[in-house]
Structure formats: C-alpha cells, structure tokens
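S.K.: just to be clear, the model below is a prediction. Sequence and coordinates:
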Amino acid sequence: MRHLENCVHALPLNDRLFQAPFYVTHAGLEKVNPLEAYPRSGHSPYYSFKWENGRVLGEFCLSLITSGKGELQTKKGRQSLIAGDAFLYQPGEWHRHRPVKTTGWVNIWIKFNGSLPHRWMRDGSFQLNKNVIKVDCPRLFENQFRHLVKSVDAAGTRNSLQFSWQAIGLLSHFLRDTTSTDSTKTVQSVDQIVDEAMDFIWTQSHNQIGVPEIVSHTGVNRRTLERRFKSVTGSSLLNEIQRCRISRAALLLRETDESIKHIVIRAGFPSYQRMLHAFRKHFRQSPENYRARISGSAPAQF
C-alpha cells in the first residue's frame, strides 16, 4: 500500500446513507517516520489536534497499528500500543494518541456512525480492554482493513453501502455474542424497546419526528418509554433527537459545501432558528462560524 501512505478520504453522505443503520464517513492511512513531528500538519482542522488538548469526535473511530509503537489516552487511562493493536473511540469520547518518537508507526483507520454501532456500544457487544481491542484473527483483520481503505481510495469521492458492509466485517472480529447465556460473560442487560427507540431516532430524525412518533413506533406509553430510555442511556428522548441532528448537521458543515438552508432540512431541524439555538448551546457559536472555523486553522471539537 505504498501509494496509500498518508491518505485521508472524507466520504460524501447522501440522504439514503444517513438513513442506514451503519455508514462509513472517513478512511485513511498514515505513516509517521521515526523522529517525525506528530500530529503532522496538513490534516483537516477537524481531525487535527494538539497533544496537550486532545480531541473529541462526532463519529466512532477504529484504528489499527500495523507497525511501530504508540500510546493512547482517554479518561479511562493510558495504554501502550504495539503493532497489531486495534483501538476504538466512540462519539463524544475525549482522547489523544501518538506514535513513540523513536519508532514512528503506520496507522490505518476508519470513522463510522449510525444507530447500529450505538446499539452495540450500549449493550456491551464490543470486546474492549478500555479502548484496545482483542482481535482473534489479526492477519485476516489487517487484510480486511487494508482492503477497505484501498476500496475507499479507489472510489474517489463516491460513498457506498458496500463500505458499510466491509466495515461491519471488520467489527465482527471483536463483537461479543450478547444473546449467549454463558454466565461468565459480563454483558449489560438489553432493553429491546430502548433499542427500537434509538434505532428510530438515528434513522428517522432527519424527518420532523418528536417523542409522540417514537412512542407510536415502539407501542409503549410515553411515561414508561421515557423512564426506560433514561435508565439505559442516561439521556432523554428529546436530547437524543437533538444530539443526532447536531451530529448530522456538524458533519454536513464539515464535509460538504451545501448551503446552510439545505443542511437545516437534511439534519431534521424544523427551522434555521432551531439549528442556530442548538449550535450556540452546544458549540457556543453559529453554524456559519462553526463551518468557518473548520475551514480555517483552528480545530473544532464535537
């Protein structure tokens, strides 16, 4: 993959992909030579960061170190990385990572989102040691990972559900069977109604839905649904709808040249004023300033 060294691909997202339960947003490969400065310059401002500040992303990020050594830090602690280690961040999780200066590294990665990975994270399906992943078939996993990045590179500016299926194939290497009755597994209890509500939000919140539509979809009375949803996710139904819409709007502002007016509609906000209020509350700036900041030199966080 010599020709793919230090490639970064931001994939366009159409309405069909936004409605899918799983979609890929980015893929790339970076090679950092021994003694080379890191983070390297020239990355998208959104994905660049200063080590002392770390960063927060709006998508899941799956990375694999294929050579060299490094370290990662989250609020869960600090972990060393060696060749063959894979690691995962979830949306909203503060983190930072870097190669060991004397060894450098080669790191391949993808970013993805959707209701399905959120459900897997919530029900304990990901087999993680903090953030590091134990992969049963490392060579197969690396080959599949490289094939996905190569496919994205060959596609240019075209996104496809094919990439989603390839990415799910990667995740299958470390997904725990939560339907197992093995008492030795420590898996959080799964609430099917909450799963249905979460799936509905992440696949339908680009439309004008609210709590009544979610209640109708799940067939549970509102009080019961809100109580169960809060118990499992720690968030209210309205907050989850808002979080999904902000995530979608921020991604469109970062990765497309679409007008603000169109993004309001695609993200599911009922009006520009509602999106403006949400951005000022969440990012402390307007959508226009958020986009300008992303295209400038200052990194933005989500």
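M.R.: Yes, it's here.
S.K.: what phi and what psi does the backbone show at H118?
M.R.: Dihedral pair for H118: phi -60, psi -40, per degrees, to the nearest 10.
S.K.: repeat for Q204
M.R.: phi -120, psi 0.
S.K.: got it, and D136?
M.R.: The phi and psi torsions at D136 (degrees, to the nearest 10) take the values phi -70, psi -40.
S.K.: same thing with the one 5 residues further on?
M.R.: When read as degrees, to the nearest 10, the backbone of F141 gives phi -60, psi -50.
S.K.: just checking, it touches K134?
M.R.: No - F141 is beyond contact range of K134, at 10.6 Å (criterion: C-beta atoms under 8 Å). Placement of C-beta: from N, CA and C, glycine included.
S.K.: the two: who's more crowded?
M.R.: When neighbours are counted by other C-beta atoms under 10 Å, F141 and K134 differ, and F141 comes out ahead with 20 against 12.
S.K.: point out where the stretch 101-250 of the chain drops to low pLDDT.
M.R.: Applying pLDDT under 70 to the stretch 101-250 of the chain picks out residues 178-190.
S.K.: hmm, try it at 50
M.R.: Residues of the stretch 101-250 of the chain that meet the criterion pLDDT under 50 lie in 181-189.
S.K.: all strands of it, in order?
M.R.: 105-113, 128-129, 132-133 (DSSP state E, counting those that start in this stretch).
S.K.: please identify the most buried of these.
M.R.: The highest mean neighbour count among these, using mean count of other C-beta atoms under 10 Å, belongs to strand 105-113: a mean of 23.
S.K.: packing partners of that strand?
M.R.: strand 23-32, strand 60-74, helix 138-155, helix 161-171 (3 or more C-beta pairs under 8 Å, 6 or more residues apart in numbering; DSSP states H and E).
S.K.: Throw those into a markdown table and include distance to R227, thanks.
M.R.: Formatted as a markdown table, these follow (distance: least, C-beta to C-beta, whole Å):
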| stretch | distance to R227 |
| --- | --- |
| strand 23-32 | 31 |
| strand 60-74 | 28 |
| helix 138-155 | 40 |
| helix 161-171 | 31 |
